[in-house]
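J.: Requesting a structural model of the entry that follows:
(chains A and B)
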Amino acid sequence: MEDMHEVIREYVINEYVEDDTEVTNDTPLISGGIVDSFSMVSLKRFLENKYSISIPDDRATPEAFDSVNKICTLVQEFIG
Amino acid sequence: MTNIGSYDERVKNFDWKISEDELGYKEGDLINIGWYCTDRICEMGKADKMALIWEGSTGNEKRYTYNDIRLASNTIGGFLRSLGITHEDRVCLFMDKIPELYLGFLGILKIGAIAQPLFSAFGDESLFVRLENARTKAIITQRKHAPKVRKILDKMPWLEHIIVVDADPSKPLQEREVTFNLEEAPKVDQFQIFPTRAESPSVLHYTSGTTGQPKGVKHVHYSLISQYLTTKWVLDLHDDDIYWCTADPGWVTGTSYGIIGAFSNGVTQCVLDAGFSADNWYRFIEKHRITVWYSAPTAIRSLMKAGDDVVKKYDLSSLRHLASVGEPLNSEAVIWSEKVFGKPFLDTYWQTETGCIVITNFPGMKIKPGSMVKGFPGIITTVVDPETYEPFEESGKMGLIAIKPGWPSMMRTYWNNEQTFQKKFVNGWYIPGDRSSIDNEGYFWFVGRDDDVINTGGHLVSPFEVESALLEHEAVAESAVVSKPDFVNMEVVKAFVTLKPGFSASKELDLQIMNFVRKKLSPLAMPQEIEFVDALPKTRSGKIMRRILHSKEWGEEIGDTSTLEDD
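T.: Take a look at the predicted model:
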């Protein structure tokens, strides 16, 4: 079974990081400037597609998307 | 006491000479923005005053006095000269909001070169079209953004130098790359500033239109006269203020008011180089005791969305004056800010081409939430009939905003595009392309754009550019791009797409196309929604009717469809 943290971390690195910046599960993504507020929409879409969930807009906040760990917590909540 | 005092008195007695006298400038003198923002302030006895307090995303902080920014801009200017860069060469700044961006801007101006700031989130295609248009000679960037430059390097023989400000010494530099470390470079105290004059070019900012490629708006050193005075009178900066302009200098607010206006007035300004979070912004205000805050409706609405409770966690009592720019500030946001901060955000209206605030709320003047209020003294503004281009005689009529040319920071041309520049002037008026009305007290009320340009989060996105990028995706046959309403960003990009044979609509394809546009152009230009359709509405001559799609998104009447192609 795929490790959710690894899947999301790899997606973030492939899609949003241009150079060799290291991204750990705790790296600040939004406040750290790796993923901007506009790009959060595509990250949300990826999570919804990948895990067949729907994240309400009011839960897709910069705080909830600010690290791989936080994103996993959010996704787990909707997977149930 | 506000700096402007009585608005009516200022209008009655206005002359740009007020600004020239305060700056000690006389017609025909040398004028260099880099000097006015650094050396002059030092000569006024403020060399040890704090000019810039910068904070990064990890909370790391750097502080620069006016003497520090004088030395740093000299040092960067000297380095550029050593590379053979000279007056009127275009030098692109392609960086996050790091100190080198602010100091590099001033260094470029000091050698008489033209600063070309570009938003660091731009993708390689957006970067290329702007560098190609300007035939940029050098680009100053960060290690994290260098890969985007490398990707298009082969197509840019004119780009001689890629200056990386934070290169990793353990890795070899690539073709045309040089490293420059501001902290390690020997400080240059004595520096020969290039003798620029009023009409010498200073800054090239790119803006998007409905059709064609982005346009390079050329400004000159004399723009300082407007930028200094509008900063002083509208943002009401006093000597003891701590100022925070949240705009990125990749866009015009970040240079006119995030660099030139602030430093030429000799105030202390703070910069936060971190992604948005309500907690972090309020913490920043509390920590630095910000007094004057210039932000954008998108940010204000994001703060509204975060709720009132988070505001109560911080001591924001230092705030004295709040202003906003980028897109019209809705009345709810004005009322909310008055409720939670004890003072309203005051809306300011201007654009890249005007170089400075032209219609605005003024401190001390009556507020009507949702109104842009009145023209800056000395700048004649009105609303004209879109048919005749004559000003309306009665109040309340909706028409086009019109400005009498001649204020100091008006753009001088579009780079390599004089023909489009000339089209912006009709019947003796400069027409910014926005619709408005004026009420019976002379207050301006913004209505909307007069073209298809999308204003998302205060940034203009050309539907043409997005459509062109979409067509480069292997699955896309045709595309039409319009705005759709959004609570936070006012408008976001929506794309209607028909697919080529062999491709079918899916969630995966939807995400793939979104990311394709984001990387090619920018996150701002990425469609937030893609609707796959069988056909697009077209005229009988085959032209896609964006208007129909736009009307559907905004719930408006579709209007005349007599030219619509039969099914």
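J.: Could you tell me which ranges of chain A sit under the pLDDT cut-off?
T.: Chain A contains residues with pLDDT under 70 at A:1.
J.: Closest approach to chain B from it, which residue is it?
T.: Nearest residue of chain A to chain B: residue A:38, at 3.7 Å (Cβ to the nearest Cβ). From N, CA and C alone the C-beta is placed, and that goes for glycine too.
J.: any idea what that residue is structurally, helix, strand or coil?
T.: coil (DSSP: H, G, I helix; E, B strand; the rest coil).
J.: Excluding residues flanking it in the chain, which one is nearest it?
T.: Spatial nearest neighbour of residue A:38, excluding adjacent residues (Cβ to Cβ, 6 or more residues apart in numbering or on different chains): residue B:523 at 3.7 Å.
J.: show me what contacts that neighbour?
T.: By Cβ atoms under 8 Å, 6 or more residues apart in numbering or on different chains, the contact list for residue B:523 reads A:36, A:38, A:39, B:121.
J.: a markdown table for these, including neighbour count?
T.: Putting the contacts of residue B:523 into a markdown table (neighbours: other Cβ atoms under 10 Å in any protein chain shown) gives the following:
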| residue | neighbour count |
| --- | --- |
| A:36 | 19 |
| A:38 | 21 |
| A:39 | 24 |
| B:121 | 21 |
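J.: Next to chain A, which bits of the stretch 251-400 of chain B? Give me the list.
T.: By Cβ under 8 Å from any Cβ of the partner chain, the residues of the stretch 251-400 of chain B that approach chain A are B:273, B:274, B:275, B:276, B:277, B:279, B:280, B:302, B:306.
J.: Quick check: which element contains the most centrally placed residue in chain A?
T.: Most central in chain A under Cα atoms, centre = their mean is residue A:71, positioned 5.0 Å from the mean C-alpha point. Element membership for residue A:71, per DSSP states H and E: helix A:68-79.
J.: Give the buried residues for that helix.
T.: Buried residues in helix A:68-79, counted by 16 or more other Cβ atoms under 10 Å in any protein chain shown: A:68, A:70, A:71, A:72, A:74, A:75.
J.: Counting by contacts, list what that helix packs against.
T.: Helices and strands touching helix A:68-79, by 3 or more Cβ pairs under 8 Å, 6 or more residues apart in numbering or on different chains; DSSP states H and E, are helix A:4-16, helix A:40-51.
J.: got the angle between that helix and helix A:40-51?
T.: Put simply, helix A:68-79 runs at 50 degrees to helix A:40-51, going by axes from the mean of the first three to the mean of the last three Cα atoms, to 10 degrees.
J.: what's helix A:68-79 in contact with?
T.: Applying Cβ under 8 Å, 6+ apart, the contact partners of helix A:68-79 are A:4-5, A:8-9, A:12, A:23-27, A:29, A:43, A:47, A:51, A:53-55, A:59, A:63-65.
J.: hmm, back to that, so who does the residue of chain A closest to chain B touch?
T.: B:456, B:457, B:518, B:523, B:524, B:526, B:528.
J.: in terms of contact, does residue B:180 touch residue B:165 like I think?
T.: Yes - using Cβ atoms under 8 Å, residue B:180 is in contact with residue B:165, at 5.7 Å.
J.: where do the contact lists of the two overlap?
T.: Contacts common to residue B:180 and residue B:165, judged by Cβ under 8 Å, 6+ apart, are residue B:140.
J.: about what we covered before: top of the contacts of residue A:38 by number of neighbours, please.
T.: In terms of neighbours by other Cβ atoms under 10 Å in any protein chain shown, the contacts of residue A:38 top out with residue B:526 at 28 neighbours.
J.: In terms of pLDDT, where does that one sit?
T.: Note on residue B:526: pLDDT of 97.
J.: dump the residue contacts of it.
T.: Going by Cβ under 8 Å, 6+ apart, the list of residues near residue B:526 reads A:38, A:39, A:41, A:42, B:493, B:514, B:515, B:517, B:518.
J.: And those residues, which is closest to residue B:169?
T.: Closest to residue B:169 out of those is residue A:39 (30.6 Å), distances taken as Cβ to Cβ.
J.: Around chain A, pick out the residues from the stretch 451-567 of chain B.
T.: Listed as neighbours of chain A in the stretch 451-567 of chain B under the rule Cβ under 8 Å from any Cβ: B:456-457, B:507-508, B:510-511, B:514-515, B:518, B:523-524, B:526, B:528.
J.: how many neighbours does the closest residue to residue B:399 other than its chain neighbours have?
T.: In space, and not counting its chain neighbours, residue B:399 is closest to residue B:383: 4.3 Å by Cβ to Cβ, 6+ apart. A total of 23 residues lie near residue B:383 under the criterion other Cβ under 10 Å.
J.: Mind telling me which residue of chain B is nearest chain A?
T.: residue B:523 (3.7 Å).
J.: Can you point out the buried residues in the longest helix along chain B?
T.: The helix that spans the most residues within chain B, counting by DSSP state H, is helix B:66-82. Judged by neighbour count using 16+ other Cβ under 10 Å, the buried positions of helix B:66-82 are B:66-81.
J.: likewise stretch B:228-246?
T.: Here stretch B:228-246 shows B:228-238, B:241-246 as buried, counting by 16+ other Cβ under 10 Å.
J.: ends of it, how far apart?
T.: Counting by Cα to Cα, to the nearest Å, you get 18 Å between the two ends of stretch B:228-246.
J.: Would you check that residue B:235 makes contact with residue B:243?
T.: Yes - here residue B:235 reaches residue B:243: they are 7.3 Å apart, a contact under Cβ under 8 Å.
J.: Identify the residues contacting residue B:92.
T.: Neighbouring residues of residue B:92 by Cβ under 8 Å, 6+ apart: B:116, B:117, B:118, B:130, B:131, B:134, B:136, B:138, B:139, B:140.
J.: Which members of the residues you listed are positioned in strands?
T.: B:116, B:117, B:138, B:139, B:140 (DSSP state E).
J.: Show me which of those residues is closest to residue B:407.
T.: Among the ones in strands among the contacts of residue B:92, residue B:117 lies closest to residue B:407 (Cβ to Cβ), at 21.7 Å.
J.: If we ignore the residues flanking it in sequence, what's nearest that closest one?
T.: residue B:93 (4.5 Å).
J.: for the strand or helix carrying the one you found, the distance to its chain's centre please.
T.: When elements are assigned from DSSP H and E, residue B:93 belongs to strand B:90-94. Chain-centre distance of strand B:90-94: 15 Å, with Cα atoms, centre = their mean, to the nearest Å.
J.: Output the contacting helices and strands for the helix or strand following that strand.
T.: Remark: after strand B:90-94, the chain's next helix or strand is helix B:99-110, criterion DSSP H and E. Applying 3+ Cβ pairs under 8 Å, 6+ apart, one finds that helix B:99-110 contacts helix B:33-37, strand B:50-56, strand B:61-65, helix B:66-82, strand B:90-94, strand B:114-117.
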